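Trainee: build me a structure from this.
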Amino acid sequence: MKKLLIATATTALMAGAASAEDIKIGLMLGFTGPAESYAPPMAGGVRAAIAEASDSGKFLGGSKIELVEGDSTCTDAAVATAVAERFVTSDGVSGIIGALCSGATTAALQNVAVPNGMVMISPSATSPALTTIEDNGLFFRATPSDARQGAVMADILMEEGIKSVAVTYTNNDYGKGLADAFEASFVALGGEVTINASHEDGKGDYSAEVGALASAGGELLVVAGYADQGGKGIIQGALDTGAFDLFHLPDAMVGHATEANFGADLDGSMGQVPGTDAEGGDMYVPIGEANGFDATAPYSPESYDAGAMMVLAMQAAGSADPAVYKDKLFDVANAPGEKIYPGELAKALEILAGGGDVDYVGASALELIAPGEASGSYRVVKTDGGKQETVGYR
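Mentor: Numbers count the residues shown, from 1 in each chain. Sure thing, here's the model as predicted:
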């Protein structure tokens, strides 16, 4: 059966070579909103992968790829839906990479992608709810679910000897999903969550929220928020009042923005963000340098991998039709096949054009698990001298 599929794909590629045409892919990220500082290096990763494949001359018989972009924000479902609708109806895209945040991703997926049979790959949407969403096999993500992050976070705190914490989370799919996953894992390990309370983004004063957290107590405060919005406000309020001086920071609070906002005030605080010490990460760094973005920034490696995975699936299928290439994403992302790293997309495209197999490892050591998300590893950080230094991987 596999030989038959390869022969079919090869025939389609040969046909495509005779009539190459441009392919459009949509990129929707929260260029504005509570996670906007994450978007530039993520966009840089997607752009680099798409340009690498397009410029190789080996994609679908010489077809070029045009990337069309839109700002989905993180919190406005109507905006995310409108961007996805524009991609499908006006731009005629063959796939969508995004969105950045879980709420925007869910809205675009349910309202546009699924009804129109469009493949979506998010580099960074982590809500556990996306694992069980009805997606007709169209949704994938290059990052692990927060069900795993919650367990990793609980393990880190227990190993640090922390047995009692307060939790605050941004009031959306991402925040609640992560907070609930963490509490379940932490309590199962014998920890105590004194309070698990939401906060809204965009407020100028978080004194009431900080007061409630302080009253509940705990050895530290877990802040499952955004570095550019409510998470920042909660930490500032806690520091100003002395409510807490030690914090644990999940993925959306890790990065240069938090370092710039608080510096050494967060010394001793820990956190985690998807990341790996595999060789692909090192190979990705010069790609960022050559294209003017920080390849070590959170979710930039996963963004490059999302773009690469989409074009390789199209090549394996011999088609940019989402109904066809969606069934090839697991094939190109997992063994068997020749391992492919950042900067090697031309090589991968050539192998696939010849009927061979690839195992795309990429910048984040990508491995897809059912129903279509990364198994993932995490980079553990600890703030020292105002910098979030890497202290291990899980």
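Trainee: tell me how far Gly62 lies from Val112.
Mentor: Gly62 sits 30 Å away from Val112 when distances are taken as Cβ to Cβ, to the nearest Å. (Glycine included, C-beta is placed from N, CA and C.)
Trainee: the more surrounded of those two?
Mentor: Under the criterion of other Cβ atoms under 10 Å, the comparison of Gly62 against Val112 puts Val112 first, with 22 against 14.
Trainee: wait, what's in contact with the more buried one?
Mentor: When contacts are counted by Cβ atoms under 8 Å, 6 or more residues apart in numbering, Val112 is found next to 81, 84-85, 87-88, 118.
Trainee: does it count as helix, strand or coil?
Mentor: Using DSSP: H, G, I helix; E, B strand; the rest coil as the criterion, the local structure at Val112 reads helix.
Trainee: hang on, the earlier thing: are any of the contacts of Val112 buried, and which?
Mentor: Buried residues within those, defined by neighbour count using 16 or more other Cβ atoms under 10 Å: 81, 84, 87-88, 118.
Trainee: next, format those as JSON lines and append distance to Ala179, pLDDT and secondary structure.
Mentor: Below are the buried ones among the contacts of Val112 laid out as JSON lines (distance: Cβ to Cβ, whole Å; pLDDT from 0 to 100; DSSP: H, G, I helix; E, B strand; the rest coil):
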{"residue": "Thr81", "distance to Ala179": "26", "pLDDT": "98", "secondary structure": "helix"}
{"residue": "Ala84", "distance to Ala179": "27", "pLDDT": "98", "secondary structure": "helix"}
{"residue": "Phe87", "distance to Ala179": "32", "pLDDT": "98", "secondary structure": "helix"}
{"residue": "Val88", "distance to Ala179": "33", "pLDDT": "98", "secondary structure": "helix"}
{"residue": "Met118", "distance to Ala179": "31", "pLDDT": "98", "secondary structure": "coil"}
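Trainee: burial measure for Ala216, as a count.
Mentor: For Ala216, the number of neighbouring residues by other Cβ under 10 Å comes to 17.
Trainee: so it sits against Thr194, correct?
Mentor: Yes. Look at Ala216 against Thr194 with Cβ atoms under 8 Å: they come within range, at 4.0 Å.
Trainee: who touches both of the two?
Mentor: By Cβ under 8 Å, 6+ apart, Ala216 and Thr194 have these common neighbours: Ala166.
Trainee: near the closest residue to Met270 other than its chain neighbours, how many other residues are there?
Mentor: For Met270, the nearest residue in space outside its immediate sequence neighbours is Lys382; the separation is 4.8 Å by Cβ to Cβ, 6 or more residues apart in numbering. Neighbourhood size, Lys382 [other Cβ under 10 Å]: 18.
Trainee: identify the residues contacting Lys382.
Mentor: Lys382 makes contacts with 268-271, 388-389, 391, as judged by Cβ under 8 Å, 6+ apart.
Trainee: that one: what secondary structure?
Mentor: When the rule is three-state DSSP, Lys382 gets the label strand.
Trainee: and it, bridged to which residues?
Mentor: Under DSSP bridges, the beta-bridge partners of Lys382 are Met270, Glu389.
Trainee: could you report the separation of it from Leu266?
Mentor: The gap separating Lys382 from Leu266 is 10 Å, by Cβ to Cβ.
Trainee: repeat for Ala104
Mentor: 28 Å.
Trainee: next one: Glu289
Mentor: Relative to Leu266, Glu289 is positioned 28 Å away (Cβ to Cβ).
Trainee: of the two, which one has the most company?
Mentor: Just comparing Glu289 and Leu266: by other Cβ under 10 Å the higher neighbour count belongs to Leu266, 25 against 11.
Trainee: correct me if wrong: the more buried one contacts Phe247.
Mentor: Yes. Counting by Cβ under 8 Å, Leu266 sits close enough to Phe247 to count as a contact (6.4 Å).
Trainee: overlap in contacts, those two.
Mentor: Residues touching both Leu266 and Phe247 by Cβ under 8 Å, 6+ apart: Ile235.
Trainee: ok so, going back, check what pLDDT the residue nearest to Met270 gets.
Mentor: With respect to pLDDT, Lys382 has a value of 98.
Trainee: contacting residues around the most centrally placed residue in the chain?
Mentor: Among the residues of the chain, the one closest to the centroid is Ser124, at 1.6 Å (Cα atoms, centre = their mean). Residues in contact with Ser124 (Cβ under 8 Å, 6+ apart) are 38, 42, 100-101, 141, 143, 298-299, 302-303.
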